[in-house]
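[1] Fold the following and give me the result.
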Amino acid sequence: MSTPSPKIRRRKDMESIRTSLPHTPSESDDEVFDIHAIVFEEIPVPSQQDPETLAKSCLRNGVEHVTMGHNGDKVVYANSGGHGILRDLEEMKRTVAMLVANDEKKTSKIDKHEKHIDELQKKTTYLESRVRNLVQSSEGYLMIRRRFLDVYKRDIKGMEELRGSKAIRDRNLIAHEGDALGDAVLFDRDQRTDRSIYRELYGLDYEKVLAFHSGSDDGGLFLVLNAYATMLAQGKTLPDDLKIAFNSFLDKVEEHWLQSPTKEPNSPLGSAYYTFWKKFNQQAQV
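    Purely as a prediction, here's the structure:
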C-alpha cells in the first residue's frame, strides 16, 4: 500500500518526517504521526576533493541503506551509523538517569545525617547550658563571684564597704577572672544591687547578658566580656584603642543581636570580634 509523500522538517542532525497515515473511512485525512530519520556516516576526505560534494554523495548513499527501527515509542528510519548513534544516545540517557537517581539517594542520606548532627548539636548545647547553670547556681561558685565584684570595688574603685570588706576576709576563695554570666546570676537573684559596677566591668547590663545566653549558643561574646573584665579587675591601664575596640564590638552585638561573632568572621560583627582580640593580645604582651 502506498502512502502520500512525506513532509520533511530539517533539524541540525536529524530529519523529522511527518507522514500521513493510510486513509481509512474512520480516520480523518488530517491525522499524522511522527517518525524520525537519521543518517550518519564518517568518511575520510582527501585534500584534493571538495568536502561538501563528498558529504552530500555520502548522505545520498546512506539514505539508500536505511532500515526501520524504534527508539522508545518513535518509529525510526536510519542507516547503520544512525541506529548506532540512537543506541548510544539511549544508553547515555539511561546512565544519566541512573546517576541522577544515585545522587538523589546520596543527597537524601546526607540530609538525614545533617539533620541528625544538628539534633546532636542542639542536645549538646542544651546539656552544656544545664551544666553551666548548675555550676553557676551552686552557692560556692556564687560566693566566688561575689568576691570578684567586692575586690574590684575595694581595690580598683576604692569603694570599700564594711559588708564587702568583711565578706572578703571571711572567704578564703580566689576569683581572678571575670565571668559575665556567673555575675549576672547574682543580680538576677537580687544578691547584688550595684549594677553600675557590673556594667562598668562588662559593658552591658546583666539582663542583656542573660538574654544573649538564652538566645544564642555562641560563646564569643562571653569570651570578650570576661577577658575585658579580667584586665580591668587586675588594675591595668587600658589603652584607648583597646577601649574603642571593646565598645565597637558591643555596638555590633547590639546591631546584630544573637548573631554569632565567631562563625562569620567576615561579617561586621565577626570583624569587630577579631579586631578586639588583636588589640587585646597586643596589650597582654606589654
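
[2] which helices and strands does the biggest helix by length in the chain pack with?
    Taking DSSP state H as the criterion, the chain has its longest helix at helix 80-137. Packing partners of helix 80-137 (3 or more CB pairs under 8 Å, 6 or more residues apart in numbering; DSSP states H and E): strand 32-38, strand 67-71, strand 74-78, helix 180-188. All C-beta atoms are positioned from the backbone trio N, CA, C, and that covers glycine.

[3] contacting residues around whichever helix or strand comes after the longest one?
    Going back to what we said before, that points to helix 180-188. The helix or strand immediately downstream of helix 180-188 is helix 195-202, counting by DSSP states H and E. Identification of contacts with helix 195-202 by CB atoms under 8 Å, 6 or more residues apart in numbering yields 149, 152-153, 157, 178, 180, 183-184, 187, 192, 205-206, 209, 225, 228-229, 232-233.

[4] filter the residues you listed to the buried ones?
    149, 152-153, 178, 180, 183-184, 187, 192, 206, 209, 225, 228-229, 232-233 (16 or more other CB atoms under 10 Å).

[5] on that earlier part again, with distance to Q121 and mean pLDDT added, can I get the helices and strands packed on helix 80-137 in JSON lines?
    Formatted as JSON lines, the helices and strands packed on helix 80-137 follow (distance: least, CB to CB, whole Å; pLDDT from 0 to 100):
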{"stretch": "strand 32-38", "distance to Q121": "55", "mean pLDDT": "73"}
{"stretch": "strand 67-71", "distance to Q121": "52", "mean pLDDT": "80"}
{"stretch": "strand 74-78", "distance to Q121": "53", "mean pLDDT": "81"}
{"stretch": "helix 180-188", "distance to Q121": "20", "mean pLDDT": "91"}
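
[6] Out of the ones you listed, which one sits most buried?
    helix 180-188 (a mean of 22; mean count of other CB atoms under 10 Å).

[7] Restrict that one to CA atoms and write it as CSV.
    Below are the C-alpha coordinates for helix 180-188, written out as CSV (Å, rounded to 0.1, in the frame of the first residue of the first chain):
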residue,chain,number,x,y,z
ALA,A,180,29.8,37.8,82.9
LEU,A,181,27.2,35.1,83.1
GLY,A,182,28.0,34.0,86.6
ASP,A,183,28.0,37.5,87.9
ALA,A,184,24.7,38.2,86.1
VAL,A,185,23.1,35.4,88.1
LEU,A,186,23.9,37.3,91.3
PHE,A,187,22.0,40.3,90.1
ASP,A,188,19.2,38.2,88.7
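
[8] Alright, I will stop here.
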